[in-house]
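K.L.:
My questions concern the predicted model and sequence given below.
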Amino acid sequence: MTLLAPLHRRLRRLLRRRRWLRWLAGLTPLGTAILWFLGAAFLLDWLLHLNQVQRLVIWLAGGVALLWAYRRYGWPWVHGKESELDVALWVQRQARVDSDVVAALQFESPEAASWGSVQLEQAVIEQAARLTPQLPLDEGLPKKPIQRRTVLLACTAAGALVVWAIWPIHVQIFLARLFLSNRPYPTKTQIQWVKVNDHFIPPGTADCWVIEGQPVRVELLAAGQLPQEGRMELAIPSTGARTRLPLRPLCPKAGTDSQADRLLPEQPNPQASGATGPRIKTPPVREQPASGPKEHNELHLRDSALYVGGLDRLSDPAWMKIYLGDAWTDPILLQLTPLPRIELVMEVQPPDYAQDADVPKGRFPGLCQLAVVEGSRVQVYISSDKRLREATLQIEEKTYPMRPADTAEAVDQPTSASQNLAGAHQTEAGQTYWWTLPTMGTPLEAVVSPLQFTIQVKDEHGLRLEHPVQGFLRILPDLAPRVSASQRTARILPTARPRISYEASDDFGIGKVSLLRQVVRSDGSTAEDELVVYQLASGQKLQKNHQATVQVPLDSLRLKPGDQLRLTVRVEDYRGGRPGEVGLSEPLVFQVTDLAGILAAITEADRQLVQEYQEMIDRQLEVGGEKP
């Protein structure tokens, strides 16, 4: 420990105090200026309802003013930097002593040994050590300006706290608007939400897309103090025209239970996966508590009213601002856009067995109704001249999402129909957007019955079709096979193999031919079985017409004289993996007899033949005259 250690401590303490007082004197004017600026900006923003650009200009001007104020009143106090020697020199002047204090501090450095007499340096150090208790501890700074600045900052801060305590919501909103938020200050009338043509406009949104030349409907839900009427002001930049349109309550008396129920947010139905038309969920009007959201909404909406207004058509973009009571909205730019032009294209792929038949196949652009073969796969495409956010296809009560399709997938096909399609859908900008429905797991994967579908889209601006695209698929008639059969004799022996002939025809092809054998015993009992006589082999070409003569084996039936045999030709057409339709011939009836019965039948046939010949002779004689 050196002799000047106490002196060093006193000087460092004095240096810290002087530095703290300098910063206090330099920063209190800046703090006061910031609070004054925030107060003035709050007052201007509250009274004049400044927009973002105006607020940004004020913030920039305020920043420049604060910088000037700090430069003018704060910087002179803090820009200098004092050292321990500077404080020692000031203390030496205040104590009115010789330069022993500063000299002693300098002689304490290691380089002092080379400056001169060491005894003289030591004597100076000892003299300075003896003077240390007598040195003044006053900071030497003017205290009245510092006190005034501190008191002014304290009073300003107290006033700011009072304002915050009285108008806490206003201050919170001002702080949000300080960062260019568009939150409005509290008003007696609160605008909960705004919808344009059933499209919810989020707070702070600067634009909204509406259909060119179509009516514009504006809805507004308000709470609090509800005026009899509001207004919407439209300004058209292209012409400079301005107009005011009224907003009137939907119901004369607000706050009824029926109106509150109607204004509650729409709850999604988990069983309904979609709809043909646009559905807009009404946003919740307030932040919901963890329990009882519906009851909270009902309580709030009973003090609300729905205001409605609009205009018949809008032909130019316009700025819209809504005023209701003492509340208003930020300007909303109504931009115009046409609805997307949607064209339907259906690609039909008939079943394999009907590929070579004269049936609809390939692509059919622009057709909304088609007749297809049962089991055909139908791929649905749509083309749009605008970008789409989503597209859905609905069949009965089920909705299927469509997906974007590549241009090559949608257009580049070798058929002439697709070449015509590619030329038919070029927009003026040369851009067409394609969507398709994956058929897997949908009724379009294999159309087995007539069906109707509707297509609804949402474009890049959130607009939907006023009338969804509709399509209808009919089933081409695929009749059951036609079949006829004939027999040579009606009486057979039990061990006979009678011959029968049949002819079958079908619209697309014969898949199977079989004989249904039915035996009626003499005691009245019956027995049946089926004998396959033709089966379409794998890879075999389909035949629309098939005829053959077959010998029917009867050994397995164990026939006896007196039994009756019925043979029916059963023909089933081919329909791929689906069951075919069946056609039956008229039954061929055979009487089972013995040899004597066969001979008796032949004799009876000869007798009938002789009788027929005699009748023919008699008719010829009657033509020629009487018998001789």
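P.N.:
Arrived safely. Residues are numbered from 1 along each chain as shown.

K.L.:
from here on, contacts and neighbour counts on C-alpha atoms
P.N.:
OK.

K.L.:
which stretches of the stretch 401-550 of the chain have low pLDDT?
P.N.:
The stretch 401-550 of the chain contains residues with pLDDT under 70 at 407-430.

K.L.:
One more pass at 80, please.
P.N.:
Scanning the stretch 401-550 of the chain for pLDDT under 80 picks out 406-430.

K.L.:
can you pull out the strands in it?
P.N.:
Per DSSP state E, counting those that start in this stretch, the stretch 401-550 of the chain has strands spanning 403-405, 433-436, 451-459, 469-475, 482-487, 491-492, 499-505, 510-520, 526-535, 545-551. These are given in chain order.

K.L.:
Out of those strands, flag the one nearest G204.
P.N.:
Between G204 and these, the shortest gap by Cα to Cα is with strand 451-459, which sits at 21.9 Å.

K.L.:
Would you mind pulling up the elements that that closest one packs against?
P.N.:
strand 388-395, strand 469-475 (3 or more Cα pairs under 8 Å, 6 or more residues apart in numbering; DSSP states H and E).

K.L.:
Now do the buried residues in the shortest one.
P.N.:
Of the residues in strand 469-475, those buried by neighbour count under the rule 16 or more other Cα atoms under 10 Å are V469, G471, L473, R474, I475.

K.L.:
so what's the first one up against?
P.N.:
For V469, the contacting residues are I342, L344, T454, I455, Q456, taking Cα atoms under 8 Å, 6 or more residues apart in numbering as the criterion.

K.L.:
export the helices and strands packed on strand 451-459 to TSV and tack on distance to W20?
P.N.:
Shown next, in TSV, are the helices and strands packed on strand 451-459 (distance: least, Cα to Cα, whole Å):
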stretch	distance to W20
strand 388-395	63
strand 469-475	78
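
K.L.:
ok, back up a step: would you mind putting the strands of the stretch 401-550 of the chain into TSV with distance to D207 alongside?
P.N.:
Formatted as TSV, those follow (distance: least, Cα to Cα, whole Å):
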stretch	distance to D207
strand 403-405	27
strand 433-436	25
strand 451-459	16
strand 469-475	28
strand 482-487	68
strand 491-492	93
strand 499-505	68
strand 510-520	65
strand 526-535	70
strand 545-551	69
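
K.L.:
Pick the most deeply packed of those.
P.N.:
For the strands of the stretch 401-550 of the chain, average neighbour numbers computed from mean count of other Cα atoms under 10 Å are highest in strand 433-436, which has a mean of 22.

K.L.:
tally of neighbours for V592?
P.N.:
The number of residues packed near V592 is 23, by other Cα atoms under 10 Å.

K.L.:
thinking it is in contact with L493, fair?
P.N.:
Yes: counting by Cα atoms under 8 Å, L493 is a contact partner of V592 at 5.6 Å.

K.L.:
Quickly list what's touching both of those two.
P.N.:
P561.

K.L.:
who's Y400 bridged to?
P.N.:
L393 (DSSP bridges).

K.L.:
so who does it touch?
P.N.:
T392, L393, Q394, L437.

K.L.:
Check the gap between the nearest residue to A446 once chain neighbours are set aside and T439 for me.
P.N.:
Spatial nearest neighbour of A446, chain neighbours left out: G375 (4.5 Å); criterion: Cα to Cα, 6 or more residues apart in numbering. Going from G375 to T439 by Cα to Cα, to the nearest Å gives 13 Å.

K.L.:
out of the strands of the stretch 401-550 of the chain, which comes closest to S304?
P.N.:
Of the strands of the stretch 401-550 of the chain, nearest to S304 by Cα to Cα is strand 451-459, at 31.1 Å.

K.L.:
Of all the residues in stretch 333-352, which ones are buried?
P.N.:
Result for stretch 333-352 [16+ other Cα under 10 Å]: buried residues 333-336, 339-340, 342-351.

K.L.:
From these, pick the one nearest T549.
P.N.:
For those, the nearest to T549 is P351 (31.0 Å; Cα to Cα).

K.L.:
and the gap between that closest one and S376?
P.N.:
From P351 to S376 the distance is 5 Å (Cα to Cα).

K.L.:
do D198 as well
P.N.:
Distance from D198 to S376, by Cα to Cα: 40 Å.

K.L.:
Between these two, which has more neighbouring residues?
P.N.:
It is S376, of D198 and S376, that has more neighbours when counted by other Cα under 10 Å, with 21 against 17.

K.L.:
Can you list the neighbours in contact with stretch 486-506?
P.N.:
Contacts of stretch 486-506 (Cα under 8 Å, 6+ apart): 479-485, 510, 544-555, 558-561, 569, 571, 573, 588-595, 598, 601.

K.L.:
now the helix ranked longest in the chain: how far from the chain's centre is it?
P.N.:
Looking across the chain with DSSP state H, the single longest helix is helix 5-48. Distance, stretch centre to chain centre, for helix 5-48: 55 Å (Cα atoms, centre = their mean, to the nearest Å).

K.L.:
re earlier: which one's more surrounded, G375 and T439?
P.N.:
More neighbours surround G375 than the other of G375 and T439, with 23 against 16 (other Cα under 10 Å).

K.L.:
So which elements touch the helix or strand where Q335 lies?
P.N.:
Secondary structure from DSSP states H and E places Q335 in strand 332-337. If you count contacts as 3+ Cα pairs under 8 Å, 6+ apart, strand 332-337 packs onto strand 207-211, strand 318-324.

K.L.:
What's the mean pLDDT across the following helix or strand past it?
P.N.:
Following strand 332-337 in sequence order, the next helix or strand is strand 342-349 (DSSP H and E). For strand 342-349, mean pLDDT rounds to 93.

K.L.:
Identify all contacting residues around strand 342-349.
P.N.:
360-368, 372, 376-385, 469.

K.L.:
Nearest to V447 among the helices and strands packed on strand 451-459 would be which one?
P.N.:
strand 469-475 (8.0 Å).

K.L.:
can you state the direction angle for the closest one and strand 451-459?
P.N.:
160 degrees (axes from the mean of the first three to the mean of the last three Cα atoms, to 10 degrees).

K.L.:
and the angle from strand 469-475 to strand 342-349?
P.N.:
Using the same axes, to 10 degrees: strand 469-475 against strand 342-349 is 20 degrees.

K.L.:
Any idea how far strand 469-475 is from the middle of the chain?
P.N.:
26 Å.

K.L.:
what sits in contact with each of G375 and T439?
P.N.:
With Cα under 8 Å, 6+ apart, G375 and T439 have no common neighbours.

K.L.:
Redo the helices and strands packed on strand 332-337 as CSV? Include mean neighbour count.
P.N.:
Below are these laid out as CSV (neighbours: other Cα atoms under 10 Å):
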stretch, mean neighbour count
strand 207-211, 20
strand 318-324, 21
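
K.L.:
Between the ones you listed, which one is closest to A40.
P.N.:
Closest approach to A40 among the helices and strands packed on strand 332-337 (Cα to Cα): strand 318-324, 26.1 Å.

K.L.:
Against which helices or strands is the closest one packed?
P.N.:
Using 3+ Cα pairs under 8 Å, 6+ apart, strand 318-324 sits against strand 230-235, strand 332-337.

K.L.:
Other residues contacting the last one?
P.N.:
What it means is strand 332-337. Under Cα under 8 Å, 6+ apart, the answer for strand 332-337 is 205-212, 315-321.

K.L.:
what's the closest of those to R521?
P.N.:
I211 (81.8 Å).

K.L.:
Correct me if wrong: the closest one contacts L339.
P.N.:
Yes: using Cα under 8 Å, I211 is in contact with L339, at 6.4 Å.

K.L.:
Identify the contacts common to those two.
P.N.:
In contact with both I211 and L339: L463, using Cα under 8 Å, 6+ apart.

K.L.:
all helices in this structure, in order from the N-terminus.
P.N.:
Under DSSP H, the chain gives helices at 5-48, 52-69, 75-78, 84-95, 100-107, 118-131, 143-166, 168-178, 257-263, 293-301, 407-410, 416-424, 595-624.

K.L.:
And the second one, what's buried?
P.N.:
Buried residues in helix 52-69, counted by 16+ other Cα under 10 Å: R55, I58, W59, G62, L66, A69.
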